[in-house]
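Visitor: Coordinates for the following, if possible.
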Amino acid sequence: MKRYRTPVIVSSVIGVLVLAIIAVALWQAPRGVAQDQQPILQYPEFPPTPTIGPNPTTPAVLQSGAPLVAATFDDASALSAWQIVDLEFVLPDSASVWAVEDGRLTQNATAAAGNPSIQETAALIGEAGWTDYSVSVNFYDLHNGTAGLIARYSGDDPTTASYYRFRILKNSFEASPKQVLEKVTGGVATTLVEIKEPGFSERAWHTLAMSVNGGAITVSLDGTVVAEAVDPAPLAAGRAGIYTRAIGGMLFDDFAVVQP
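Guide: Numbers count the residues shown, from 1 in each chain. The predicted structure is shown next:
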């Protein structure tokens with residue numbers, strides 16, 4: 001029996017060595033793989049959200065007239081002076097929502113769980129007897145894409161009201177024209193001026209102003225005249241307002257109406 005002892009011992013030693021080698025391999029393999037592997041999911045690096053800067057200075061031409069309204073939206077109670085309307089038929093639970101937040105008038109989409117909508121909406125203020133005046137506002141677009149002003153608004157039903165309206169789209173929209181000055185009579189719009197390009201740059205403050213004097217209508221953006229028209233059958237009088245769509249993400253501030 002002694003002659004079989006040596007092979008048994010050798011076999012045992014070899015077995016132990018094999019097990020040791022396997023153990024070392026198993027211990028080192030995960031470490032090596034972990035060091036070489038990349039993350040399964042890599043998120044892109046987004047730039048930080050731009051900070052909303054200070055409002056632009058109101059043009060001197062708008063500061064020189066006799067003020068009819070000056071709204072800076074310093075507190076939430078400022079909203080009570082405004083009438084919020086949808087300029088097309090919508091169900092009550094889909095009505096547009098506006099709010100005063102952080103010292104600005106904000107369009108906050110619709111009442112339907114805050115869902116955005118392309119429906120046209122406006123915030124109106126003033127007297128039905130206003131005739132000749134200039135209306136201006138500063139606006140900042142977060143993600144809406146449409147801004148505008150209304151003058152000489154009259155009518156009880158917004159879907160059949162009459163008014164002048166200027167609307168402008170942001171540059172990144174493919175739609176054209178970017179700027180439209182129109183007369184709305186009984187809810188039906190007639191184009192007075194349309195401009196294909198440019199629109200406005202988003203995430204920057206802009207000043208929009210519109211003057212009505214008899215049948216003459218003048219619109220300026222950031223102090224530069226962009227549209228002029230003469231209406232041979234002008235609307236007589238009406239309130240002023242701010243226009244956009246119920247998408248949300250549009251800020252307004254420093255609203256003013258002055259007489260020449």
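Visitor: Pull up the pairing partners for the helix or strand encompassing residue 153, direction included.
Guide: Per DSSP states H and E: residue 153 is located in strand 146-154. According to DSSP bridges, strand 146-154 has the following sheet partners: strand 162-169 (antiparallel), strand 239-245 (antiparallel).
Visitor: in the sheet, who's paired with residue 224?
Guide: Taking DSSP bridges as the rule, residue 224 bridges to residue 221.
Visitor: Return the residues in contact with the residue positioned nearest the centre of the chain.
Guide: Centroid check for the chain by CA atoms, centre = their mean gives residue 144 as the closest residue, at 2.8 Å. By CB atoms under 8 Å, 6 or more residues apart in numbering, the contact list for residue 144 reads 107, 244, 245, 247, 248, 249, 250. Just so you know, the C-beta spots here come from the backbone N, C-alpha and C atoms, and that holds for glycine as well.
Visitor: mind running it again at 6 Å?
Guide: By CB atoms under 6 Å, 6 or more residues apart in numbering, the contact set of residue 144 is 247, 249, 250.
Visitor: Counting only strands, which of those make the cut?
Guide: If you go by DSSP state E, the contacts of residue 144 have residue 250 in strands.
Visitor: TSV for the contacts of residue 144, including pLDDT, distance to residue 226 and neighbour count?
Guide: TSV is the format used below for those (pLDDT from 0 to 100; distance: CB to CB, whole Å; neighbours: other CB atoms under 10 Å):
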residue	pLDDT	distance to residue 226	neighbour count
247	96	23	23
249	96	23	17
250	98	19	26
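Visitor: Next, format the contacts of residue 144 as TSV and append distance to residue 205.
Guide: Output for those, formatted as TSV (distance: CB to CB, whole Å):
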residue	distance to residue 205
247	19
249	14
250	12
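Visitor: Which of the contacts of residue 144 sits closest to residue 224?
Guide: Using CB to CB, residue 250 is the member of the contacts of residue 144 that sits closest to residue 224, with 21.3 Å.
Visitor: Setting the sequence-adjacent residues aside, check what's closest to the closest one.
Guide: Nearest residue to residue 250, sequence neighbours excluded (CB to CB, 6 or more residues apart in numbering): residue 144, at 3.9 Å.
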